[in-house]
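Chemist: predicted coordinates and the sequence they were generated for:
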Amino acid sequence: YMKSNKIYRIIQATLTVAIFVIFTSAGRISPSGYSYPDTDNEINSVISGGTMDASSASPSIFWVSDPVQPAEVVMVEGANWGNSPRIELSWLQDDKPGQPLVGKSAIQKNAVLTPLQVTASSVKFLVPADWKAGVYSFQVSVDDARSEPELINAPDPWWQQGDWGKEASPGGWLRVFGKCLSLNGKATVALQGAGKTLILTPIQQDQWSLNIALPENLAAGEYNTWVHNGCGGQAGWKQVGIVMIKSHPPLWKSDVFDIREYGAVANDEFEDGPAVQAALDAAGKNGGGIVLIPRGRFQINMTLMIPRLVLLRGEGSDLSQLYWRDRLTPLETLIQGTNSFGIEDLSILAINHLAAIITDPSTAPEAGNVFLRQLYIYLNRFENADFKMVSNRLTERHLDYPDRNLGAVVVDGENVQVTDCEIYSSHSPFRFNGHYALYSNNRCFQGSTNFISGTHVIFENNEIQGSQMGRGGGCYVRQNLYYAHNRIGNMAYSDAE
């Protein structure tokens, strides 16, 4: 995502760029990328007749390509370069950053460079090969005019996200995402609030993300977050924004509702759905609680409804199992929740199915705060089915039209977290539409198209085999996606490549 807060320079350059587009369409830019002298004169003469005199305007910069290393090319987008622009480049000293606010840094080296290429909207130049990686400052100069100084490789944070979505907890974690966040493995994060500045070292860092473990004794309140990528001295600090730090106890009470106390019997091959639902209802009437699925297999032949503020918990995905027998007409979903609930440490098995777990759509009031952890989900509509039955089930809402509910896990809303799950499905293993959401360390197999959409999404360390990641329909993250360390393969059809 290309971001710029220099709107006033964009406005200044807009007229020049517009005229540049007109002359480009007329073929007046040379193949080498340099503007013919007479073309520049024509452009300047046209603009001078308007409200701005481009011949006297300083060079304007509104985007710079980074991160870059020595001996790599920097591209600068802007306007008003004149006939013979020069690049005045400085390598900032990597002094100790101290604390925010942003200050000035000593200069380690200077160089005046001739651009590799100049067009009406861009300038390209090469970072000297004998310099080292770091934060650089530069200006574009022409005659006696200079652009405002710009930094290269300075941290550019896009958003921050905590263990509770927009918020973070003492003893929890805070992530910062953007570019150029760490250049030498020595990035730091500063939290300013509660009358002091706290300097923290990330437990994980790379150019695109910082992961900070928050102290247990961190006082609650609003904090101003700053980042420094380890280079550039005092000038290298960049403000991220305000984050709320406060305690976030579990949504559900600690009261336990054991399904055996409501009539469920493990491994007896009889229906346990009403007993499990009775335990869920009791926890809901209690204002929340933990419904325990003990060790064993429990047969369910109905949709389980999870109330708000209830956690459905097994004793481990290899020990506690809910299974749905085959049926002629599939249930719309095996487990239905609204918002503010969790499921963990459990196996879920079914044959003729549509969806396994569904939440309220993101447009519903209070959608979100859903936590799915350590689940093993195995759903196969075609197991033990003859050819005709397989054909019927394929055409039954499977191929006819897009359907939100045709996914093993369909979760929507703010602060949804799906972690450490293993999902096999003859439909989509997952359809995620989250805001400030986390999908991490999951393994998904087979099925149809998967979707991740929403805003401010962390999608990392997942393995997806046999089903492609989103095709058509616009079901993609709209803003701020961190997509990293995922393994995807064996996509067999459509635009799977």
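Modeler: Structure's in. What do you need? The structure presented is a predicted model; accordingly, all values stated were derived computationally and were not measured.
Chemist: now do the helices in the chain.
Modeler: 7-25, 37-48, 273-285, 387-395 (DSSP state H).
Chemist: tell me what the closest residue to Pro97 other than its chain neighbours is bridged to.
Modeler: Among residues not flanking Pro97 along the chain, His228 sits closest, at 4.6 Å (Cβ to Cβ, 6 or more residues apart in numbering). Every C-beta, even on glycine, is put in place using the N, C-alpha and C of the backbone. Judged by DSSP bridges, the bridge partners of His228 are Thr188, Trp237.
Chemist: state the distance from His228 to Gln93.
Modeler: Here the criterion is Cβ to Cβ, to the nearest Å. By it, His228 lies 14 Å from Gln93.
Chemist: out of those two, which sits in the busier spot?
Modeler: Taking other Cβ atoms under 10 Å, His228 and Gln93 do not tie; His228 has more neighbours (29 against 17).
Chemist: does that one touch Asp95 like I think?
Modeler: No - the criterion here is Cβ atoms under 8 Å, and His228 misses it with Asp95 at 11.3 Å.
Chemist: from Ala437, how far off is Asp258?
Modeler: The gap separating Asp258 from Ala437 is 32 Å, by Cβ to Cβ.
Chemist: more crowded one of the two?
Modeler: Ala437 (28 against 13).
Chemist: compute the first-to-last residue distance for stretch 361-368.
Modeler: 9 Å (Cα to Cα, to the nearest Å).
Chemist: repeat that for stretch 186-196.
Modeler: 22 Å.
Chemist: any weak-confidence spans in the stretch 351-497 of the chain?
Modeler: Where the stretch 351-497 of the chain drops to pLDDT under 70, the residues are 382-405, 447-448, 467-475, 492-497.
Chemist: now do the strands in it.
Modeler: Under the criterion DSSP state E, counting those that start in this stretch, strands of the stretch 351-497 of the chain are mapped to 357-358, 368-379, 407-419, 422-425, 428-440, 443-445, 451-460, 463-465, 476-484, 487-489.
Chemist: so the third one versus strand 368-379, what angle?
Modeler: Relative orientation of strand 407-419 with respect to strand 368-379: 130 degrees, computed using axes from the mean of the first three to the mean of the last three Cα atoms, to 10 degrees.
Chemist: note down every partner strand of strand 407-419 and its orientation.
Modeler: Strand 407-419 has these strand partners (DSSP bridges): strand 357-358 (parallel), strand 368-379 (parallel), strand 428-440 (parallel).
Chemist: adding distance to Ser60, write those out as TSV.
Modeler: Output for those, formatted as TSV (distance: least, Cβ to Cβ, whole Å):
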stretch	distance to Ser60
strand 357-358	51
strand 368-379	42
strand 428-440	35
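Chemist: what's the closest of those to Ala213?
Modeler: For the strands paired with strand 407-419, the distance to Ala213 is smallest for strand 428-440, at 15.7 Å, taking Cβ to Cβ.
Chemist: I'd assumed Val176 was in contact with Leu157.
Modeler: Quick fix: residue 157 is Pro, not Leu. Yes - with contact defined as Cβ under 8 Å, Pro157 counts as touching Val176 (5.4 Å).
Chemist: give me the more crowded residue out of those two.
Modeler: Val176 (27 against 21).
Chemist: how near is the more buried one to Glu366?
Modeler: Val176 is 27 Å from Glu366, by Cβ to Cβ.
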